[in-house]
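> any chance you could fold what I've pasted below:
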Amino acid sequence: MRQSLFLPALFVVSLLAGCSDGSDQPPPEPVAPSALTIAPTAIPEGGPGEMAQLRFRATLTGPQPEPVLVRYRTEAGSAVADVDFLPVEGDVTIPAGALAAEIVVEVFGNAADEPAKTLRLLYEVDGNAEPTGTAAVGTIANDDDACDAPFNKEPNPWRVSGADPLNYAHRGGVIDFPENTLYAYAEVALVGADVLEMDVYQTRDNELVILHDLTVDRTTNGSGRVVDLTLAELRQLDAAYWFVPGVGTPQDRPEEDYVFRGIATGERPPPPGYSPEDFRIPTLEEALQRFAAERLNVELKPDLDGAGNYEQQIAQALLAYGRTDDVIAASFVDEAANAFKAAAPCIPTSVPLDQGTNLVLAALGDGIIPPVPEHVAFQVPPDTSQITGEGQLPEGFFLEVVTADFIADAHNANLAVQVWTVNECEDMLRLMALGVDAIMTDRPVLLQSLLDTPPEERSCD
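Numbers count the residues shown, from 1 in each chain. This is a model prediction of the structure:
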């Protein structure tokens, strides 16, 4: 009996000794799982006999000590397997210490001018990672529109005809999110914004990037004019460096207020569902790939160096991704607007500054706005106090632009009225009551909360 009690104890001791490495070090702490996401993507289809590649990127929010396996398969949507794309099923590994892996789906090109087609990539994960979804949409864009005829605005798709105005996320929401980043545009689309507004500059090496200012100083950790920097140099910058939620880009706050600072450079993990690249200065093509399902407003900025066929490049990018009926190309620079119009007459445009000013002034009082078939919308401020550029207005000049009379005149000319930049609740409600077609705002979350409230219950209390 004594021996039978002793042997189990001896077995336990020997087992523990066999499992020990002879040190007193505690076992390593378990690593928290990363979030894994696969974002939507799009690609121009190419011509007959060509094979293009939809590239889905699986990304982790943080590296893992062990590999993460992603199993996937394609599922047909409006795109047909073996006709529009080659179906695939398999797995891909994100190696230990890495953050991303790529999944490629090959698509067939053709010459048919037809709507974009979509498929889904279904996925699941093995390893220390939690997926943020189960499927990602791939869009095969129509790149076959000859674009040699003007668009048809009968009826005008940018007019709401008495319904609520469109929620235009100005730069993705300057106050709500770090402006002009893929993160901002993705977040504001989830909120419910109707249109993603973005500004496009050309780099020193003639690439197209999304940024509002002439320089990178206000929003990033860099300095200098966009036109003097290459794309590679711009991609090294942190586009959320100076952003403070609910405020914008003040440069005098305590370090802890800049909650997104360092994500772009890998010093801080991104939120679930995102990657460091989502906090860098994006290219126009990245936005076209990511937001195939969202309406866009692309603002053309001045072509400062006159090199690289700026307006032609933007037109070609939009046409390659089939963005002809769900986008407005806007510019306050009449020369840029006219150059774009010549390059892509089929893409809707807004009235540029000089032409718009003449139309607005001529329509005051009993005046009318004549037909303007070459544009779909006025993009105007509520009044001239927002026009602050040097020399743009005579000193002391003030005019209330958006009035009931102006809206009626614009609608009679079949032009939508899209008002910028409206950030106060009371102003949003006033413009809704006037019947504008869109409100451009730095606070799309606030605007969406009003739009989601029944009209009779909307209040700024």
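> could you find the closest non-adjacent residue to Q355?
D334 (6.2 Å; C-beta to C-beta, 6 or more residues apart in numbering). For the C-beta atoms, the positions are set from N, CA and C on the backbone; glycine is no exception.
> how close does the one you found sit to E311?
D334 sits 12 Å away from E311, going by C-beta to C-beta, to the nearest Å.
> again with A149
Applying C-beta to C-beta to A149 and E311 gives a distance of 18 Å.
> neighbour count for those two, which is higher?
A direct count of neighbours by other C-beta atoms under 10 Å for A149 and E311 places E311 higher, at 24 against 9.
> what helix or strand is that one located in?
Using DSSP states H and E, E311 maps to helix 310-320.
> touching that helix from outside, list them.
44, 141, 143, 145, 147, 200, 202, 206, 208, 284-285, 288, 298, 300, 303, 324, 327, 329, 336, 339-340, 343-344, 347 (C-beta atoms under 8 Å, 6 or more residues apart in numbering).
> rerun at 6 Å
44, 143, 147, 202, 208, 284, 303, 336, 339-340, 343-344, 347 (C-beta atoms under 6 Å, 6 or more residues apart in numbering).
> over to stretch 423-432?
In contact with stretch 423-432 (C-beta under 6 Å, 6+ apart) are residues V419, V422, I439, T441, D442, R443, L447, L450, C460.
> could you do stretch 231-247 as well?
Under C-beta under 6 Å, 6+ apart, the answer for stretch 231-247 is 178, 181, 203, 205, 207, 209, 219-222, 249-251, 253, 257, 260-261, 264-265, 279-281.
> quick check: closest non-adjacent residue to V327.
That would be L296: by C-beta to C-beta, 6+ apart, it lies 4.5 Å from V327.
> quick one: low-confidence parts of the protein?
For the chain, the stretches with pLDDT under 70 are 1-29, 304, 307, 389-396.
> could the contacts of stretch 423-432 go into CSV alongside distance to R235?
Shown next, in CSV, are the contacts of stretch 423-432 (distance: C-beta to C-beta, whole Å):
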residue, distance to R235
V419, 34
V422, 33
I439, 33
T441, 29
D442, 25
R443, 29
L447, 31
L450, 37
C460, 41
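> so which of those residues is the most crowded?
Going by other C-beta under 10 Å, L447 tops those with 30 neighbours.
> in the strand or helix carrying that residue, what counts as buried?
L447 belongs to helix 444-451 when assigned by DSSP H and E. Buried positions in helix 444-451, judged by neighbour count with 16 or more other C-beta atoms under 10 Å: P444, V445, L446, L447, Q448, L450, L451.
> circling back: just the buried members of the contacts of stretch 231-247?
178, 181, 203, 207, 209, 219-222, 249, 260-261, 264, 279-281.
> so which of these sit within helices?
Secondary structure defined by DSSP state H assigns none of the buried ones among the contacts of stretch 231-247 to helices.
> between these, which is closest to Q355?
Relative to Q355, the closest of the buried ones among the contacts of stretch 231-247 is V209; by C-beta to C-beta it sits at 27.3 Å.
> looks like the closest one contacts I281 (just checking).
Yes. Using C-beta atoms under 6 Å, V209 is in contact with I281, at 5.4 Å.
> one step back: ok, which pair from the contacts of stretch 423-432 is furthest apart?
V419 and C460 (17.4 Å).
> helices of the stretch 301-450 of the chain, start to end?
Per DSSP state H, counting those that start in this stretch, the stretch 301-450 of the chain carries helices over the ranges 310-320, 334-343, 353-362, 404-412, 425-434, 444-451.
> so which of the ones you listed is nearest G77?
Once the helices of the stretch 301-450 of the chain are compared by C-beta to C-beta, helix 310-320 is nearest, at 20.8 Å.
> just the angle for that closest one relative to helix 334-343, thanks.
40 degrees (axes from the mean of the first three to the mean of the last three C-alpha atoms, to 10 degrees).
> buried residues in helix 310-320, which are they?
Going by 16+ other C-beta under 10 Å, helix 310-320 has these buried residues: Y310, E311, Q313, I314, A315, Q316, A317, L318, L319, A320.
> likewise for stretch 411-423?
Neighbour-count burial for stretch 411-423 flags H411, A413, N414, L415, A416, V417, Q418, V419, W420, T421, V422, N423 (criterion: 16+ other C-beta under 10 Å).
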